[in-house]
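In: Give me a model of this one.
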Amino acid sequence: MNSLLQTLHHLPEFRQAIYSIPTQLDNTSAVELVPLELQRVFYELQYAEATGASEVGTELLTRSFGWGRREVMVQQDVQEFARMLCDALQSSMHALAVPDGIASLFEGRTSSLTRCTRVKFESEKEERFYDLQVQVQGCSSLHAALRAFVREERLQGDNKYNTRNPDLGRQDARRAMRFKHLPPVLQMHLKRFEYDYESGTMRKLQQEFAFPTKLRLHRYMAHGADPPSEYVLQAVLSHAGDAGSGHYVAYVRPRGEQTWYEFDDTRVTPVREEVAVRQQYGGRYARGRAVFGAPPNAYMLVYVRKDLESSPVEGSDGSALPPAVMRAFEQQLKRSGGRGGGASSRRKAASAPPLASDVVDSLFD
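Out: Below you'll find the predicted structure:
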């Protein structure tokens, strides 16, 4: 949980969206509870260090989820936790009639185009995503996985495409996936966990999986879609261990700084880019402390559209908070000097040189 909170906190657009939710400390309604406690955590992460605190507590936030001690002690899958948190925040935003800041930041769309080869017929299906599921098995890099994602599929023989047209029936066809729209913040979930049919259990893929620090995706876009700008890697969430147990660590490069930082619960350490990126590839690049028998490797990547790097976000400093809530948070910080037992209050960051981008063929030449 802490690794994801640090990652989200270092997205100014996300902070601004959370701070803008109308909450109140007195007579807090159920729909305000999760946003209020996340506002508290984010505000303390920004300002508690000035009071001498080295940690920020997350107990009130976990209580707002309805979690007790048992749930807190159970390792949460970072992707499942991210979805649970975003679902709760979106429900609150809709109930409080505020803009859906989650969708505007993270929602993308894919287009699946199917075109018959012997008759003039085609169909298109769009799907939305908040985090992109990226294949690891059989892929040595992110671009290899993206090529697999958009690779053309032949529908023929017993697998002919059903046009659902009584005059055409089933036809030979070609099908391929492309991106129709990409969000400002692109979250990629690396599918390192898979079911092993031989053993009947889940297993973790510890293999090498390389990813660039600068990402161009125009070759993966659908025809007619707006070409995206370049993306820059801002965070790497790594998992050390196996499918049954382990530990998450976040490597974050906050905006405007030139250093990567490792967030390991209450420990924050500046690290070289090689540690934050290359050593998280896994396989022969894996380094670091082995937890439950395996060193860490990347499990989730967060890319930010490059133009956001130089765009200030008004309200992300906490000024978008309801005034009474901000005053209360300030007073609590002065009285307590911060609370321990959670994510660190330190905020640092870094830059990274690009890796070569790969390319794919157009969908239908």
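In: drop to CA atoms for contacts and neighbour counts, all remaining ones
Out: OK.
In: residue ranges with poor pLDDT in this protein?
Out: 69-76, 288-293, 337-365 (pLDDT under 70).
In: how about 50 then?
Out: For the chain, applying pLDDT under 50 flags the ranges 338-365.
In: Just want the most central residue of it.
Out: residue 187 (3.4 Å; Cα atoms, centre = their mean).
In: what does the helix or strand harbouring that residue rub up against?
Out: Residue 187 is part of strand 185-191, with elements assigned from DSSP states H and E. Strand 185-191 is touched from outside by 79, 105-106, 130-137, 298-305, with contacts defined as Cα atoms under 8 Å, 6 or more residues apart in numbering.
In: List the neighbouring strands of that strand plus their orientation.
Out: strand 132-135 (parallel), strand 296-305 (antiparallel) (DSSP bridges).
In: surely residue 248 meets residue 6?
Out: No - assessed by Cα atoms under 8 Å, residue 248 is found out of contact with residue 6, at 11.7 Å.
In: Would you mind checking the contacts of strand 185-191 for buried ones?
Out: Buried residues within the contacts of strand 185-191, counting neighbours by 16 or more other Cα atoms under 10 Å: 79, 105-106, 130-132, 134-137, 298-305.
In: Would you map the strands across the stretch 201-350 of the chain?
Out: Along the stretch 201-350 of the chain, counting by DSSP state E, counting those that start in this stretch, strands occupy 201-204, 214-215, 231-241, 246-252, 260-264, 267-271, 296-305.
In: can you tell which of the ones you listed is closest to residue 173?
Out: With Cα to Cα as the measure, strand 214-215 is the member of these nearest residue 173 (31.3 Å).
In: strands paired with that closest one, and their directions?
Out: strand 231-241 (antiparallel).
In: chain center to the partner strand: distance?
Out: 9 Å (Cα atoms, centre = their mean, to the nearest Å).
In: Next SSE downstream of the stretch of helix or strand residue 16 belongs to?
Out: Following DSSP H and E, the helix or strand that holds residue 16 is helix 12-19. Per DSSP H and E, the first helix or strand lying C-terminal to helix 12-19 is helix 30-47.
In: which residues touch that next one?
Out: 9, 15, 18-19, 21-25, 56-58, 60-61, 64-65, 88-89, 91-92, 95-96, 317-318, 329, 333, 338, 343-347.
In: Counting neighbours, which bits of that helix end up buried?
Out: Applying 16+ other Cα under 10 Å to helix 30-47 flags 31-47 as buried.
In: could you dump it to PDB, C-alpha only?
Out: The C-alpha trace of helix 30-47 is given here as PDB (Å, rounded to 0.1, in the frame of the first residue of the first chain):
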ATOM      1  CA  ALA A  30     -19.500   7.800   4.200                       C
ATOM      2  CA  VAL A  31     -18.700   9.100   0.700                       C
ATOM      3  CA  GLU A  32     -16.300  11.700   2.100                       C
ATOM      4  CA  LEU A  33     -14.400   9.300   4.400                       C
ATOM      5  CA  VAL A  34     -11.800   7.800   2.000                       C
ATOM      6  CA  PRO A  35     -11.100  11.100   0.200                       C
ATOM      7  CA  LEU A  36     -10.700  13.000   3.500                       C
ATOM      8  CA  GLU A  37      -8.200  10.500   4.900                       C
ATOM      9  CA  LEU A  38      -6.300  10.400   1.600                       C
ATOM     10  CA  GLN A  39      -6.200  14.200   1.700                       C
ATOM     11  CA  ARG A  40      -4.800  14.000   5.200                       C
ATOM     12  CA  VAL A  41      -2.000  11.600   4.200                       C
ATOM     13  CA  PHE A  42      -1.100  13.600   1.100                       C
ATOM     14  CA  TYR A  43      -1.000  16.900   3.000                       C
ATOM     15  CA  GLU A  44       1.200  15.400   5.700                       C
ATOM     16  CA  LEU A  45       3.500  13.800   3.100                       C
ATOM     17  CA  GLN A  46       4.000  17.300   1.700                       C
ATOM     18  CA  TYR A  47       4.400  19.300   5.000                       C
END
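In: now the angle from it to helix 12-19?
Out: 130 degrees (axes from the mean of the first three to the mean of the last three Cα atoms, to 10 degrees).
In: chain center to helix 30-47, what's the gap?
Out: 19 Å.
In: Which SSE is immediately downstream of it?
Out: Tracing the chain C-terminally past helix 30-47 and defining elements by DSSP H and E, one meets helix 59-64 next.
In: that older thread, figure out which of the strands paired with strand 185-191 is closest to residue 210.
Out: Smallest distance to residue 210 across these (Cα to Cα): 9.3 Å, for strand 296-305.
In: Please enumerate residues in contact with the closest one?
Out: 79, 184-192, 206, 229-241, 279-282, 286-290.
In: Among the residues you listed, the buried ones, what's the PyMOL command?
Out: Applied in PyMOL, the following selects the buried portion of the contacts of strand 296-305 according to 16+ other Cα under 10 Å:
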select buried, resi 79+184+185+186+187+188+189+190+191+192+206+229+231+232+233+234+235+236+237+238+239+240+241+279+280+281+282+286+287
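In: Show me where the stretch 51-200 of the chain has its helices.
Out: Under the criterion DSSP state H, counting those that start in this stretch, the stretch 51-200 of the chain contains helices at 59-64, 69-73, 78-95, 101-106, 142-150.
In: Would you mind listing the buried residues in the first one?
Out: By neighbour count with 16+ other Cα under 10 Å, helix 59-64 contains the buried residues 59, 60, 61, 62, 64.
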